[in-house]
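Novice: Quick one, what's the 3D model for this:
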Amino acid sequence: MEGMRWRLWSTMALTLVLGWYFAATLVSPETRKAHAWIPDQGLRLGLDLQGGIHWVLGAKLDVAVEHELQHLRGRLATTFEEEKIVPKKLAVEGDHLVLEAASPDDLARARTIVDDVDYLELVQGGETSATYQLLPAWRKDVREKGMQQVLEVLRNRIEDPIQGIQDSVVTRQGEERILVQIPGGQLDRARARELLAVTGFLEFKIVEDSAGSEELLLAKHGGKVPDGMEVVYEKDKPTGANVRAYLVKKEPDLTGDYLEDARVQYDRQQRAVVGFTFNSEGAETFSTLTEKNVGRQLAIVLDKEVSSAPAIRERIGAQGQIEGRFTTQQASDLAVVLRSGSLAIPVQIEEERSVGPALGADAIRSGALASIASLIAVFVFALVYYRLSGVYATIAVFLNLVYIVALMALFRSTLTLPGLAGLVLTVGMAIDGNVLIFERIREELRRGKTPRAAIRAGFDRALLPIVDGNVTTLITAWILYQFGTGPIKGFAVTLGIGLLTTVFTAVIVTRVLFAIYPGERRVTELSI
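Specialist: Residues are numbered from 1 along each chain as shown. As a prediction, the model looks like this:
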């Protein structure tokens, strides 16, 4: 009896709380914001229900092939140096590796090394030159890996766990295209474009020299850039004008590949900066770099543009800051880019359109009608066939829908068109659990037990099959959520929450109702 009281009061408390959140989803966002006592937890709608941004991006996968050849060129140059081979030319031109030597003998020596690379093939040979390209199978593999890297980076940027967009879609479309869908007004179009376009290649370079302009800087070095060096610029954020030129080595002292995390922080003047943390390997390298260069400037270069160039006052460990006259939003977006990693392969928007809410309104209306029709059909069947028990089943199924919508609003889940299908599916599964319980109770009544004893035995016997059936479906929902994207995740979320609330309403809510009034008529009258 004590256990039943606990079930009764806990069910009432849960229903009141979730009912309050459910009621909040029925009012407009303006009303929720105007009244502090109304939870600001409206139900979020996906792109297919409320419209949003639809992009098709093209990935320039030939760049991945070029990067692979550049990497190979660096390895070959090192090997040539070790073997005392000095080629006249070793360069990447498009998707070819070009080797030139001063004499046929020099070429022969160099080719003995290049020909050992098992994924290169000779496409053109001469007396003192040779041109290579990647084998077709290797080239295809490089392009595939490049595409996977682009997908991963874009997903990390748009679906960032800290400030990303829930239920956005980033998925492959064909060989070289990516579909991006961003629901509603969750992200400003211009800001979204920047997140997609920024390469996010972060480098740390010790400053060799600096001046107010390139002309003044080069004047110190005979009017030209020294070998192995390059000039990078710090720009004024509002105007984009160059404000200072820095002379640095072409090769970075450290890159952003070693970053473990990046977050928005504020300095003593409350200006937005980006705080970063290196992993253990990066922290060791960064500590050594800063210890050896105390008193010098360290240029923090993002996409060949200097964000800031602070003076190194002491050895710096695993953590540091990037300053750059950022607004809070700019700092936040930069942190997202750094967390997601650099986009080594450029992408461009090939198709852009805005998806209006009209289709979503039709989908909501159709989904609502389907849900209402299914509810009515289920309720009529339950009331006609089970009478009193049917009333309890109807109450349980209705509360089940209230719980689902309230929990989705509470945890900021997004309702998509497939999610509506999951909602309707949950109604059928919810009544299925009640039917299983009622039939078990009927069996016990036929054996001559009293209604209360039959109800207790029926619930006990039906519990395991109900849990077993729902757990197997819950595993399926979890798999769909882990490996699905966008709308598929929306279906999985709705189904998963629905399964949990279904078990609760069938096993707990219905039993509480039976405890309040079990019914005293016999089974022949179909009251149980």
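Novice: Could you pull up the contacting residues of the closest residue to residue 14 other than its chain neighbours?
Specialist: The shortest distance from residue 14 to any non-neighbouring residue, by C-beta to C-beta, 6 or more residues apart in numbering, is to residue 403 (7.9 Å). The way it works is simple: take the backbone N, C-alpha and C, and place the C-beta from them, glycine included. Residue 403 makes contact with 14, 18, 22, 501, 504-505, according to C-beta atoms under 8 Å, 6 or more residues apart in numbering.
Novice: Narrow those residues to those in helices?
Specialist: If you go by DSSP state H, the contacts of residue 403 have 14, 18, 22, 501, 504 in helices.
Novice: Quick one: the residues you listed as JSON lines, columns for distance to residue 461 too.
Specialist: Below are these laid out as JSON lines (distance: C-beta to C-beta, whole Å):
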{"residue": "14", "distance to residue 461": "25"}
{"residue": "18", "distance to residue 461": "29"}
{"residue": "22", "distance to residue 461": "32"}
{"residue": "501", "distance to residue 461": "22"}
{"residue": "504", "distance to residue 461": "19"}
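Novice: Farthest pair within those?
Specialist: Using C-beta to C-beta, those span at most 15.2 Å, a distance reached by 22 and 504.
Novice: So for stretch 224-238, what gets flagged as buried?
Specialist: Across stretch 224-238, burial judged by 16 or more other C-beta atoms under 10 Å covers 231-235.
Novice: Need the contact partners of that stretch.
Specialist: 205, 208, 214, 217-218, 241-251, 299, 301, 304-309, 324-326, 330.
Novice: Just the buried subset of those, please.
Specialist: Neighbour counting with 16+ other C-beta under 10 Å marks 205, 208, 217-218, 242, 244-249, 299, 301, 306-309, 324-326, 330 as buried within those.
Novice: follow-up on the earlier one: restricted to strands, list the contacts of stretch 224-238.
Specialist: Assigned to strands by DSSP state E, the following of the contacts of stretch 224-238 qualify: 205, 208, 242-249, 299, 301, 305-308, 324-326.
Novice: Excluding sequence neighbours, find me the nearest residue to residue 103.
Specialist: In space, residue 103 is closest to residue 128, 6.5 Å off (C-beta to C-beta, 6+ apart).
Novice: That neighbour touches residue 104, doesn't it?
Specialist: Yes: between residue 128 and residue 104 there is a contact at 6.0 Å, judged by C-beta atoms under 8 Å.
Novice: who's more crowded, these two?
Specialist: The neighbour comparison of residue 128 against residue 104 (other C-beta atoms under 10 Å) goes to residue 128, with 17 against 11.
Novice: Tell me the pLDDT of the more buried one.
Specialist: pLDDT recorded at residue 128 is 87.
Novice: Tell me how far residue 84 lies from residue 501.
Specialist: Distance, residue 84 to residue 501, using C-beta to C-beta, to the nearest Å: 74 Å.
Novice: repeat for residue 516
Specialist: When C-beta to C-beta is the yardstick, residue 516 and residue 501 sit 20 Å from each other.
Novice: Who has more neighbours out of the two?
Specialist: residue 501 (24 against 10).
Novice: who's in contact with that one?
Specialist: So residue 501 contacts 400, 403-404, 407, 426 (C-beta under 8 Å, 6+ apart).
Novice: Apply 10 Å and report the result again.
Specialist: The neighbours of residue 501, taking C-beta atoms under 10 Å, 6 or more residues apart in numbering as the test, are 18, 396, 399-407, 426, 430, 509.
Novice: Equivalent analysis for residue 76, please.
Specialist: Counting by C-beta under 10 Å, 6+ apart, residue 76 has contacts 85, 87, 90, 97, 99, 110, 113-114, 117, 120.
Novice: Recalculate using a threshold of 7 Å.
Specialist: Shown in contact with residue 76 (C-beta atoms under 7 Å, 6 or more residues apart in numbering): 90, 113-114.
Novice: quick one: furthest residue from the center of this structure?
Specialist: Most distant from the centre of the chain: residue 448, at 58.0 Å, with distances by C-alpha atoms, centre = their mean.
Novice: Give me the pLDDT value at that residue.
Specialist: 82.
Novice: That concludes my questions; thank you for your assistance.
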